[in-house]
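[1] fold the following.
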Amino acid sequence: ALLLHVYKPTHVLFTGIAGGLKPALNPGDIVIASRVAHHDFGTVLHNMQPSRQTRNPINRELNPEYFPADSVLLLRAQQAARTARFDKLTLTDRLPQVVVGTVVTGDVFVSSSEKVKQLSRDFGADATEMEGAAVAQVCWQLKTPCIVIRSLSDKADENARGDMMTFYKTAAKNSAALVTEILGRL
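    Numbering: from 1, shown residues only. Next comes the predicted model:
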């Protein structure tokens with residue numbers, strides 16, 4: 001919020017590494033988030049209905065459950081993915097797969113096959129990380145176009161910590177390559 005108030009950026013591109021939740025995604029692949037959500041937030045509303053929606057702390061209105069990516073940034077990211085210069089993935093000797101999907105944010109490092117299944121089932125999520133929905137929420141509330149891009153460092157399963165240490169450099173480099181390509185299109 002401070003960054004938006006002081007520097008007044010016209011767009012926010014938020015990137016980093018994440019754990020993959022879909023079997024077809026591997027370390028090094030990239031998820032361009034069409035939407036993001038908090039996966040570990042919940043409340044009971046005045047009508048006794050459970051909700052995953054956060055509240056705007058200023059006006060107390062409910063935020064959407066999923067924060068959508070800015071449509072222009074989403075289009076630019078998809079275009080940039082076709083021309084970005086990515087490093088090949090070491091295990092498969094292929095370029096990363098880039099998909100548009102759902103990213104969920106929580107306060108835990110996910111390293112459980114059971115949690116992977118639950119997040120995939122309950123949210124239709126493709127990747128999980130620890131910051132994106134918070135950034136998207138602030139951008140939503142302050143009306144600043146935003147997109148979250150995550151390069152997978154692991155599969156969020158029992159091997160996640162070791163895989164993250166093995167693949168995070170390639171994942172981060174490919175994420176940066178995509179962001180650089182997007183910036184050239186803005």
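[2] for the protein, what helix or strand is lowest in average pLDDT?
    Ranking every helix and strand in the chain by mean pLDDT, DSSP states H and E puts strand 43-44 at the bottom, with a mean of 62.
[3] need the contact partners of stretch 158-170.
    Contact with stretch 158-170 is made by 17, 19, 27-28, 87, 89-90, 109-113, 152-155, as judged by Cβ atoms under 8 Å, 6 or more residues apart in numbering. (Glycine included, C-beta is placed from N, CA and C.)
[4] list the contacts of stretch 61-81.
    11, 13, 30, 32-37, 51-56, 98, 100, 102, 133, 136-137, 139-141, 145-149, 178, 181-182, 184-186.
[5] how far out from the middle of the chain is it?
    Offset of stretch 61-81 from its chain centre (Cα atoms, centre = their mean, to the nearest Å): 10 Å.
[6] quick check: the gap between Phe41 and Val138.
    Noted for Phe41: a distance of 15 Å to Val138, by Cβ to Cβ, to the nearest Å.
[7] check Gln78 too.
    24 Å.
[8] more neighbours, the two?
    Neighbours per residue (other Cβ atoms under 10 Å) separate Gln78 from Val138, with Val138 holding more: 18 against 15.
[9] just checking, that one touches Ala1?
    Yes: in this structure, Val138 is within contact of Ala1 by Cβ atoms under 8 Å, at 5.2 Å.
[10] checking the residue nearest to the spatial centre of the chain next. Helix, strand or coil?
    For the chain, the residue nearest the mean C-alpha position is Val103 (4.1 Å; Cα atoms, centre = their mean). Counting by DSSP: H, G, I helix; E, B strand; the rest coil, the backbone at Val103 sits in strand.
[11] residues contacting it?
    18, 31, 33, 35-36, 125-129, 132-133, 148, 150.
[12] would you mark the buried spots in the top helix by length along the chain?
    With residue count as the measure and DSSP state H as the assignment, the chain has helix 160-183 as its longest helix. Across helix 160-183, burial judged by 16 or more other Cβ atoms under 10 Å covers 160, 163-164, 166-168, 170-171, 174-175, 177-179, 181-182.
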